[in-house]
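Engineer: kindly generate the corresponding structure for this input.
(one chain, ligands or ions: 1)
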Amino acid sequence: MSTKVLIIGACGQIGTELTAKLRATYGRENVIASDIRKMDSTVVTEGIFEVVNALDYNQIENLIEKYEITDVYLMAALLSATAEKNPAFAWDLNMNSLFHVLNLAKAGKIKKIFWPSSIAVFGPTTPRDNTPQYTIMEPSTVYGISKQSGERWCEYYNKQYGVDVRSIRYPGLISWTTPPGGGTTDYAVDIYYKALSDKKYTCFLSENTALPMMYMDDAIKATISIMQAPAENIKVRSSYNLSAISFTPKEIAESIKKHIPEFAIDYAPDFRQAIADSWPASIDDSVARKDWGWQHDFDMERMTSVMLENLAKK
Ligand code: SER
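Structural biologist: Residues are numbered from 1 along each chain as shown. Sure thing, here's the model as predicted:
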């Protein structure tokens, strides 16, 4: 059976680039992008697009039947900072959308699920440096609690019902195509926009707050590669640690100054500082590297060059 893909939440920061890559990989006619509304985006204009509410089981089921979908990528979620402002809705969206696709797979209607987890599954009691795959996990944010619970349910559905669900714990993702939507790591995208437009940036995290980060091309590569790996290679059915680079606001500012010498940064930490302080500074992803051959391509300097070059054109 050939692969037919449904992406839920296709117009977001990850969804936009994932949709383009999946269309290039499987052919436009085999990729159905969906989101809660039609947006002004290549996701809508360059292929099949459907409006779908990730909380509506029947709508998702109808799309799966209509297009004979085999693989679902569930990218709809509220991120860490937004979730703190609306905990009940974050829990509802992040958990129930996952249950819908897990139950559709359990019912035999789809073959494979990709569901993103996050470094937010870790918490203040987790070892902060080179955080291992298996360690203490006591997340203190609503977002982290939803991702940690989701991981447990993914593993449960795999063990109990044989559901082929695959997941990675994304670090902060940096990209220029579509802005991020309400995360704690968003500063590492905003800073490039402001460096070009204002030559200065006020950061909502303090200068020495190190967090795990990744350029979007690497994240998309990881996503498609874990989905294409043979099922027996995917030994972790909760979620894989995934890592590329780790830096502080001060370090990313230094890398921007190499291109824009007059760039200046100052710091005004807000409520997101406490979220960042509860997360790892760096991640050990050796299990993903061993099980399905993960490796990253972008370091910070390369990422900075690509970001500034593309945003300047934009
Ligand atoms: N980038 C996300 C956030 O900051 C982490 O998964 O919420």
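Engineer: check contacts around Asn53.
Structural biologist: 36, 59 (CB atoms under 8 Å, 6 or more residues apart in numbering). Where you see a C-beta, it was placed from the backbone N, CA and C, and this is true even at glycine.
Engineer: next, it: secondary structure please.
Structural biologist: Under the three-state scheme (DSSP: H, G, I helix; E, B strand; the rest coil), Asn53 adopts coil.
Engineer: and it, what pLDDT?
Structural biologist: According to the prediction, Asn53 has pLDDT 98.
Engineer: what residue in the stretch 151-300 of the chain comes nearest to the ligand?
Structural biologist: As assessed by CB to the nearest ligand atom, the ligand sits closest to Gly183 within the stretch 151-300 of the chain, at 2.6 Å.
Engineer: and that residue, what element?
Structural biologist: Per DSSP states H and E: Gly183 is located in neither a helix nor a strand.
Engineer: which residue packs closest to it, ignoring adjacent ones?
Structural biologist: Nearest non-adjacent residue to Gly183, counting by CB to CB, 6 or more residues apart in numbering: Leu79, 4.0 Å away.
Engineer: same deal with Ser286?
Structural biologist: Gln133 (7.7 Å).
Engineer: poorly predicted segments of the stretch 1-150 of the chain, please.
Structural biologist: Filtered on pLDDT under 70, the stretch 1-150 of the chain yields the residue ranges 1.
Engineer: which parts of it are helices?
Structural biologist: Using DSSP state H, counting those that start in this stretch, the helices of the stretch 1-150 of the chain run over 13-26, 42-45, 57-67, 80-85, 87-106, 142-161.
Engineer: just send these back as JSON lines, with distance to Thr126 and mean neighbour count too.
Structural biologist: Output for the helices of the stretch 1-150 of the chain, formatted as JSON lines (distance: least, CB to CB, whole Å; neighbours: other CB atoms under 10 Å):
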{"stretch": "helix 13-26", "distance to Thr126": "24", "mean neighbour count": "22"}
{"stretch": "helix 42-45", "distance to Thr126": "35", "mean neighbour count": "18"}
{"stretch": "helix 57-67", "distance to Thr126": "33", "mean neighbour count": "16"}
{"stretch": "helix 80-85", "distance to Thr126": "15", "mean neighbour count": "20"}
{"stretch": "helix 87-106", "distance to Thr126": "20", "mean neighbour count": "19"}
{"stretch": "helix 142-161", "distance to Thr126": "10", "mean neighbour count": "20"}
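Engineer: between those helices, which gets nearest to the ligand?
Structural biologist: When these are compared by CB to the nearest ligand atom, helix 80-85 sits nearest the ligand, at 3.2 Å.
Engineer: distance from the closest one to the middle of the chain?
Structural biologist: 15 Å (CA atoms, centre = their mean, to the nearest Å).
Engineer: hmm, who's touching it?
Structural biologist: 90, 94, 118, 120, 141-144, 146, 181-184, 186, 271-272, 275.
Engineer: still on that earlier bit, mind putting the helices of the stretch 1-150 of the chain into JSON lines with distance to Asp190?
Structural biologist: Shown next, in JSON lines, are the helices of the stretch 1-150 of the chain (distance: least, CB to CB, whole Å):
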{"stretch": "helix 13-26", "distance to Asp190": "12"}
{"stretch": "helix 42-45", "distance to Asp190": "22"}
{"stretch": "helix 57-67", "distance to Asp190": "33"}
{"stretch": "helix 80-85", "distance to Asp190": "12"}
{"stretch": "helix 87-106", "distance to Asp190": "22"}
{"stretch": "helix 142-161", "distance to Asp190": "19"}
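Engineer: compare those helices and give me the one nearest Asp266.
Structural biologist: Evaluated with CB to CB, those place helix 80-85 nearest to Asp266, the distance being 20.1 Å.
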